[in-house]
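Peer 1: Predicted model and sequence follow; I will ask about them next.
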Amino acid sequence: MADLFDSTAGQAPAGKPGPRPLADLMRPQSLGEVIGQEQVLGPEAPLGVMLENGSLGSLILWGPPGVGKTTIARLLAAETDLHFVQISAIFTGVPELRKVFEEARMRHGNGRGTLLFVDEIHRFNKAQQDGFLPHMEDGTILLVGATTENPSFELNAALLSRAQVLVLERLANRDLERLVQRAEKMMDRALPLTGEAREVLLDMADGDGRALLNLVEQVMAWKSAQKLDPEALSKRLMKRASVYDKNGEEHYNLISALHKSVRGSDPDAALYWFARMLKGGEDPRYLARRITRMAVEDIGLADPQAQAQCLQAWETYERLGSPEGELALAQALVYLALAPKSNAAYVAYKTAMREAGRTGSLPPPKHIRNAPTKLMKEQGYGAGYAYDHDAEDGFSGQNYFPEDMPRMAAYFPVERGFERELRKRLDFFAKLRAKRG
């Protein structure tokens, strides 16, 4: 069982080795060969400083697939002369973990440290994550965890307090191009692609170095007498599916980008993020609900028609379904992006909620309470109420707040859209109220 977790696991038996994927053949042999993570590996970056000072601590490598998390962990073990052990949280249970820790303890007793690389560490539950803590604290293991999920959400605070989180970034096309050139040098031939098709190939990888090398390996296997153009390439290869988890951080990142694009009055950016979410498999009904929320929260009474536009688009989607109904949502999105913006009603609502919590159960003043019974009338309920329709200008100016509460100012309309007119009305009533005491 121990062999499953050792660095030698997966090697072919003695004799002729089996075929290895290009991505495996091209694994960097030193940290200096790792492409695209200078913000982590550079001389003044966290890992560069740790290694320079011989003070490597436990780490959580957070980043999308195919950016070098496993490679960096392996190379760190080599750089520090630690025994490398790799496990996956998907396939490892408590009994296997105990065996790994016991072997690391024996190794530690013999003067050799262990770098334990845990792939998909966020898959371990809280109890399993807690199991690492004593072994990290006494130096039995140096933990390097890899995750594609936000550690703040998925990892225990106790574990995070004992490890530094390093963020690895998706590879830019310039980094992917360096990978392609390195592959061409190793294979001693150029990709049979035109310059434009080469750019398309980089886009297909979507920032994933492993995916790119798999694509390169496929293209190199083709027997083509002439270079392929983008159209020919697209017929033979499928674009890598975008990274998108409807329940994960990327979901919240993209809806945040969509919402902020609308708030920022940029219809082009709003449509782009809307399309990205749809391409990722997002439920259009979720988007319809969020778009309606944007109308209420960020446009409000600056354009009272915005909310109606969203509700009509939502209803249209329900009647038409996908994909036709998504156009109605897109139209509502454009309307929102170009509408005048105001969060005055939203801020007023939050102010009112805060004041309601602060003032507790203060009763309404007696003059605006109903008096359906004789006893209530005798207690003064409704006494002195001024019927606004009978007042000059249809406004009595009476106090409607609790008697022991100072008047609250919550709603401040902006000088944009329809709220400009509401500002005039608010000022008008304020002057009348002051005039009538």
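Peer 2: Perfect, I can see it now.

Peer 1: Residue 72 is in contact with residue 30, isn't it?
Peer 2: No - between residue 72 and residue 30 there is no contact under CB atoms under 8 Å: 11.0 Å. Where C-beta positions appear, they are placed from N, C-alpha and C, glycine not excepted.

Peer 1: what ranges of the protein fall below the confidence cut-off?
Peer 2: Flagging of the chain using pLDDT under 70 yields the residue ranges 1-17, 239-249, 437.

Peer 1: who's more crowded, residue 72 and residue 30?
Peer 2: Between residue 72 and residue 30, counted using other CB atoms under 10 Å, the more crowded position is residue 72 (24 against 9).

Peer 1: Can you give the contact residues for the strand or helix carrying the more buried one?
Peer 2: Per DSSP states H and E, residue 72 falls inside helix 69-80. Residues from elsewhere that reach helix 69-80 (CB atoms under 8 Å, 6 or more residues apart in numbering): 7, 27-31, 34, 37, 40-41, 47, 51, 56, 59, 61, 63, 82-84, 86, 113, 115, 117, 119, 142, 144, 146, 168.

Peer 1: what's the angle from the helix or strand that that helix is followed by to helix 69-80?
Peer 2: Scanning forward in sequence from helix 69-80 by DSSP H and E, the next helix or strand is strand 83-88. Here the directions of strand 83-88 and helix 69-80 differ by 160 degrees (axes from the mean of the first three to the mean of the last three CA atoms, to 10 degrees).

Peer 1: Now do strand 83-88: which elements does it pack against?
Peer 2: helix 69-80, helix 94-109, strand 114-119 (3 or more CB pairs under 8 Å, 6 or more residues apart in numbering; DSSP states H and E).

Peer 1: Could you report the neighbour count for residue 66?
Peer 2: Residue 66 - counted by other CB under 10 Å - has 24 other residues nearby.

Peer 1: dump the residue contacts of it.
Peer 2: Taking CB under 8 Å, 6+ apart, one finds 171, 205, 207-212 in contact with residue 66.

Peer 1: ok, now how distant is residue 337 from residue 326?
Peer 2: 16 Å (CB to CB, to the nearest Å).

Peer 1: what does residue 278 give?
Peer 2: 6 Å.

Peer 1: shared neighbours of the two, anything?
Peer 2: residue 284.

Peer 1: which residue packs closest to residue 436, ignoring adjacent ones?
Peer 2: residue 397 (3.9 Å; CB to CB, 6 or more residues apart in numbering).

Peer 1: Tell me the secondary structure at that neighbour.
Peer 2: coil (DSSP: H, G, I helix; E, B strand; the rest coil).

Peer 1: which residues touch it?
Peer 2: Here residue 397 is in contact with 391, 429, 432-433, 435-437 (CB under 8 Å, 6+ apart).

Peer 1: Residue 28 now?
Peer 2: 34-35, 68, 71, 75.

Peer 1: The stretch 201-350 of the chain: helices as residue ranges?
Peer 2: Using DSSP state H, counting those that start in this stretch, the helices of the stretch 201-350 of the chain run over 209-221, 230-236, 249-263, 267-279, 284-294, 305-320, 324-338, 344-359.

Peer 1: Highest neighbour count among the contacts of residue 28?
Peer 2: Busiest of the contacts of residue 28 [other CB under 10 Å] is residue 68, holding 24 neighbours.

Peer 1: Next one: that one relative to residue 49, how far apart?
Peer 2: For residue 68 relative to residue 49 (CB to CB), the value is 19 Å.

Peer 1: Hmm, residue 65 and residue 207 touching each other?
Peer 2: No - at 9.1 Å, residue 207 and residue 65 do not qualify as touching, with contact defined as CB under 8 Å.

Peer 1: Give me the more crowded residue out of these two.
Peer 2: Legend: neighbour count by other CB under 10 Å for residue 207 and residue 65, higher for residue 207 (24 against 16).

Peer 1: out of everything not next to it in sequence, what's closest to the more buried one?
Peer 2: residue 170 (3.1 Å).

Peer 1: Around that neighbour, how many other residues sit close by?
Peer 2: Residue 170 has 18 nearby residues by other CB under 10 Å.

Peer 1: and it, that's in a helix?
Peer 2: No - read with three-state DSSP, residue 170 is coil and lies in no helix.

Peer 1: residues contacting residue 311?
Peer 2: Here residue 311 is in contact with residue 292 (CB under 8 Å, 6+ apart).

Peer 1: coming back round to it: with respect to residue 191, which of the contacts of residue 66 is nearest?
Peer 2: Distance to residue 191 across the contacts of residue 66 (CB to CB) is lowest for residue 212, with 11.2 Å.

Peer 1: list the contacts for the nearest residue in space to the closest one that is not next to it in sequence?
Peer 2: Nearest non-adjacent residue to residue 212, counting by CB to CB, 6+ apart: residue 205, 3.6 Å away. Counting by CB under 8 Å, 6+ apart, residue 205 touches 66, 171, 176, 211-212, 215, 240.

Peer 1: And the contacts of residue 28, which two are furthest apart?
Peer 2: 35 and 75 (12.8 Å).

Peer 1: How many residues are close by residue 140?
Peer 2: With other CB under 10 Å as criterion, residue 140 counts 21.

Peer 1: quick one, what contacts it?
Peer 2: Contacts of residue 140 (CB under 8 Å, 6+ apart): 101, 104-105, 108, 114.

Peer 1: same thing but at 6 Å, please
Peer 2: Contacts for residue 140 (CB atoms under 6 Å, 6 or more residues apart in numbering) come out as 104-105, 108.
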